[in-house]
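1. Generate coordinates for the sequence data below:
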Amino acid sequence: MSESNIRLSILDIGTVWNGNSPEVTLQYALELSKAADELGYTRYWFAEHHNTPHQTSSSPEMLAALAAAVTERIRLGTGGIMLPNHSPLKVAESFATLETLYPHRIDLGIGRAPGTDGNTALALRRSLRAVQYDDFPDQLAELLSYFSGGFESDHPFSQIKLTPPLPSFPEIYLLGSSDGGMRFATKYGLGLTFAAHIAPDYAVPILQMYHKQFQPSVFMPKSKSIVSIMAIAAETEEEAKYLAGPLELQWMRWNSGVFHLPPPTLEEAASYRYSPQEEAVRRSNKGRFIAGRTDQVADRLRRLAKDTLSEEVMLMQMVPDLDGRIRSMELLAAEFDTLTNIRP
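-> Numbers count the residues shown, from 1 in each chain. Here you go, the predicted model:
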């Protein structure tokens, strides 16, 4: 695929902006997924977070189902299902159901972290041993065996059949911000989505290594990677800087250990005065996001995709203003001519 035809996708973490209700926040997510569908974006994913103030993304598979029902073409999925929190059989059944309802439109992004604090992880897993013991390798192998029918004949779960029967595989990706997810993706022949908004310095070497070490599988015949980054495009640099203000302030707070405050508004971020210590944290976060005129953002996205050997970039848009988010999506869709990816 040429640089001009790089695919664009969206990651939604369900942030509650401007003191909105959770209901409004979830309705915005559906509006954004419909806008992404109409603009030719490739996929729209929902994250999984639990007991997290000011976020509504605790059930990403449910949000994916709701979004699939109001869209026509775009792929819907999870970025991701935090597998340690779930029974592999239940995940397989949920995604078999989604794939049955919306064939060839469902993605299963799988994460290895809990997406929450230790006590909430215990409440989710209902076992102290499950919290203390990392059995992700066994969970992943079990999940994939439900999909592929790959259990050995003497395995205790070999007689369990998915209901409904899986009509086709969802696209399966490992999520990563280190080399851990990459190693599972290469071993099992799965896609890899790397969170450059979390670990920008590792995106290039790890994704290049993934493509080099990938082993084909029944799930994917060749390597397929997505690189995710926070990105905001606007007509002018001044407007982009204004729209990115809440993102910068929020990440400065998170990286300073401040999680209880509500996400800042555009006005709050514009008037905020950083202390010298806060300014240092703010500067250290610059690699996590891209904000500027559409052409500036597009150039950096193309370079990121080229360097990471990725044909797709997933955008995380932390903008309080719904119109600003949709306008940023429109500008980048026009710049990349995303509709060419779906035209006959």
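2. what helix or strand is the residue nearest to the spatial centre of the chain on?
-> For the chain, the residue sitting closest to the mean C-alpha position, by Cα atoms, centre = their mean, is residue 79 at 3.5 Å. Per DSSP states H and E: residue 79 is located in strand 75-82.
3. buried residues in the helix or strand just after that strand?
-> Tracing the chain C-terminally past strand 75-82 and defining elements by DSSP H and E, one meets helix 88-101 next. Judged by neighbour count using 16 or more other Cβ atoms under 10 Å, the buried positions of helix 88-101 are 88, 91, 92, 93, 94, 95, 96, 97, 98, 99, 100. (Glycine included, C-beta is placed from N, CA and C.)
4. Pick out whichever of those sits closest to residue 110.
-> Top of the list for closeness to residue 110, among the buried residues of helix 88-101 and by Cβ to Cβ, is residue 91 at 8.3 Å.
5. List the strands paired with the longest strand seen in the chain, with their directions.
-> With secondary structure taken from DSSP state E, the chain has its longest strand at strand 225-234. Looking at strand 225-234 with DSSP bridges, its partner strands are strand 191-195 (parallel), strand 289-293 (parallel), strand 312-316 (parallel).
6. right, so of the ones you listed, which gets closest to residue 56?
-> Closest approach to residue 56 among these is made by strand 312-316 (15.3 Å; Cβ to Cβ).
7. Residues contacting that closest one, please?
-> Strand 312-316 is contacted from outside by 6-11, 13, 42-43, 45, 79, 193, 197, 225-231, 301, 304-305, 329, 332, using Cβ atoms under 8 Å, 6 or more residues apart in numbering.
8. What's the mean pLDDT across the helix or strand encompassing residue 242?
-> Of the helices and strands defined by DSSP H and E, residue 242 is found in helix 237-255. Across helix 237-255, pLDDT averages out at 96.
9. Does anything pack onto it? Which helices or strands?
-> Helix 237-255 sits against strand 225-234, helix 266-271, helix 276-284, strand 289-293, with contacts defined as 3 or more Cβ pairs under 8 Å, 6 or more residues apart in numbering; DSSP states H and E.
10. quick revisit: now the longest strand of the chain and helix 237-255, what's the angle there?
-> If you take axes from the mean of the first three to the mean of the last three Cα atoms, to 10 degrees, strand 225-234 sits at 130 degrees to helix 237-255.
11. Adjust the sequence numbering to begin at 27 for everything that follows.
-> Sure, I'll start numbering at 27, so the last one becomes strand 251-260.
12. just for the protein, where's the confidence low?
-> Scanning the chain with the threshold set as pLDDT under 70 gives 27-30, 154, 156-157, 159, 368-370.
13. Please repeat the previous calculation with a cut-off of 80.
-> Judged by pLDDT under 80, the chain has its weakly predicted residues at 27-31, 140-144, 147, 150-160, 367-370.
14. And the helices in it?
-> Along the chain, counting by DSSP state H, helices occupy 48-65, 86-95, 114-127, 144-151, 154-158, 162-174, 205-214, 229-239, 263-281, 292-297, 302-310, 320-333, 348-362.
15. What number of residues are in the vicinity of residue 202?
-> The criterion is other Cβ atoms under 10 Å. On that basis, residue 202 has 26 neighbouring residues.
16. ok, for residue 59, nearest residue in space, not its chain neighbours?
-> residue 93 (4.0 Å; Cβ to Cβ, 6 or more residues apart in numbering).
17. which ones are touching residue 234?
-> Remark: with contacts taken as Cβ under 8 Å, 6+ apart, residue 234 is in contact with 334, 335.
18. how near is it to residue 212?
-> 12 Å (Cβ to Cβ, to the nearest Å).
19. Just name the most buried of the strands paired with strand 251-260.
-> A comparison of these by mean neighbour count, using mean count of other Cβ atoms under 10 Å, puts strand 217-221 on top with a mean of 28.
20. still on that earlier bit, I'd like the helices and strands packed on helix 263-281 as CSV, with distance to residue 78 appended.
-> Below are the helices and strands packed on helix 263-281 laid out as CSV (distance: least, Cβ to Cβ, whole Å):
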stretch, distance to residue 78
strand 251-260, 18
helix 292-297, 20
helix 302-310, 20
strand 315-319, 20
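21. Point out the most buried one among these.
-> Among the helices and strands packed on helix 263-281, highest average neighbours (mean count of other Cβ under 10 Å) belong to strand 251-260, with a mean of 26.
22. could you give the angle of it to helix 348-362?
-> Angle, strand 251-260 to helix 348-362, by the same axes, to 10 degrees: 120 degrees.
23. that older thread, buried residues of the helix holding residue 268, list them for me.
-> Judged by neighbour count using 16+ other Cβ under 10 Å, the buried positions of helix 263-281 are 265-266, 268-279.
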